[in-house]
Structure formats: C-alpha cells, structure tokens
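Asks: 3D model of this:
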Amino acid sequence: MKQSTCKSTLLLLFSGLFITTRAQDIQLGAEGGLNVSGAHATEPGVVFHGSPGIRFSVGGFADLALPDRRFSVRPKLLFSRESYSPVLFGDKTPVTISYINIPIPLIYHSTLKDKKIFFGLGPYFGYALSGKYVSQGVTTKIAWGNDPAKDDGKRLDIGADFLAGYQLNKEIALTAKFDWGIKDISAEPSFYKVHTLNLGLTASYLLFSRSK
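Replies: Here you go, the predicted model:
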C-alpha cells in the first residue's frame, strides 16, 4: 500500500468516526506506558527465536460513544518504541524501531466490577519512522522499502489490537493490550516473513469530557 493511499484511508476512517458520533459523548485523554515487543520471523524450514525488548509508548486518545452506550470507539495516536533481539546465524541482533501507531478498537464497557472493566478489539495501523539493528558490534540503520536487493523491511504495519482495562476512577484507567501484526513487513516475502508482536501495559488519564 502506498503511503498516500494509507493516509487517505486513515483520514476517511477518522472522518467517519467523528460524523457518526457527533451527537454522542466524547472524551479526550493522554496515554503512556511500557512495550514488551518481539516478532515472529521465519524463512523456509527455519523459525528464528530471540528475546523481547522493553521500550515505551506515549500519545493520546479519543473515546467516542456509540448509540448503545455499552460500546464506544477509541482511536489513538501513539509514538511507540519497539525492540527485539533475534538470534541470526548464531549471533544476537538487537533491533529497535520507532513507530507512529494508530489503533482503532471497538470498546465494550462491561458490567463487571461496578462497570469498571472494559474490553476492546480492532485494527491498528503502524508507520515506521526509523529503525536500527546491531550485528557483531556494528550499528546499521534499517533500509525501508520493497526492493529485496537493498531494503530490510516495509514501513507500513497492519494488525489486530486486543485490550482489556480497568477504570480506577473517573480520570485514570489501566490497560493491557496485545498487538498482533497481520501484515508481513519483510522486504523479501518470497524468502522470509516477519510479523510484529507487542504487549503493552499503559495508564491513561482523562483530560476532557463532553456529554450531549
């Protein structure tokens, strides 16, 4: 998918969300926390193993109530640092990538624990801003693109976002989420495949709330 097409798709998604919820409750907030990230990487006959890395994410969200108040849509805009250390040819190769991530989960506000527990599921879109890896003591910038001869991976990542959270009080909530990369981000998919994995533990704080 071209970058311009991706931007147009995301713009249409957000426009549709705000139009359909313009008469409903809207909440805005900030969110930040830790990422424990990795990847599922394979080539024919081989599954690569490695160690997850711990980094962070920070950003904001909008919670848009649907006509059935048990549900809302919660688009987020996050800056996310993710890291993984696969073992390649007997050598640990730490990889670190900076992403702009846009999850768009549908939230179900359950009646459990006095309506304090919620669950979410939806797509996410990630765009890699930069990245590097260290091999045999040498740090190299990741080359982004679709050319197998010179590039390491694709910038665009698309996957599924799963989450469960607990509302501590009116302003503060704790959330655990799992992002599973469905799109193969390798530059040479006919030879090897890479799917991102990320477990996040975050805290969010409500900054603004409007009810109609």
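
Asks: and residue 55, what does it touch?
Replies: Taking CB atoms under 8 Å, 6 or more residues apart in numbering, we find residue 55 in contact with 34, 35, 37, 80, 81, 82, 83, 96. Using the backbone N, CA and C atoms, a C-beta is placed for each residue, glycine as well.

Asks: can you redo these as TSV with neighbour count?
Replies: What follows is the contacts of residue 55, written out as TSV (neighbours: other CB atoms under 10 Å):
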residue	neighbour count
34	14
35	24
37	25
80	23
81	17
82	30
83	18
96	19
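
Asks: For those, work out which two are farthest apart.
Replies: Greatest spatial distance in those: 34 and 96, 14.7 Å, computed using CB to CB.

Asks: Once you drop chain neighbours, what's closest to residue 160?
Replies: Once flanking residues are discounted, residue 160 sits nearest to residue 180: 5.1 Å by CB to CB, 6 or more residues apart in numbering.

Asks: er, residue 154 I mean
Replies: Spatial nearest neighbour of residue 154, excluding adjacent residues (CB to CB, 6+ apart): residue 185 at 4.8 Å.

Asks: taking the contacts of residue 55 one by one, which sit in strands?
Replies: 34, 35, 37, 80, 81, 82, 83, 96 (DSSP state E).

Asks: What separation do you get for the fourth one and residue 199?
Replies: This points to residue 80. 12 Å (CB to CB, to the nearest Å).

Asks: Return every residue with contacts to both of those two.
Replies: In contact with both residue 80 and residue 199: residue 35, using CB under 8 Å, 6+ apart.

Asks: Which pLDDT value goes with the residue nearest the centre of the chain?
Replies: What sits nearest the mean C-alpha location of the chain, by CA atoms, centre = their mean, is residue 101, with 4.9 Å. Among the per-residue scores, residue 101 shows a pLDDT of 98.

Asks: what residues are up against it?
Replies: With CB under 8 Å, 6+ apart, residue 101 has these contacts: 57, 59, 76, 77, 78, 79, 80, 124, 125, 126, 127, 179.

Asks: neighbouring strands for the helix or strand encompassing it, and are they parallel or not?
Replies: Using DSSP states H and E, residue 101 sits in strand 95-103. Take DSSP bridges as the rule and strand 95-103 pairs in its sheet with strand 76-88 (antiparallel), strand 117-135 (antiparallel).
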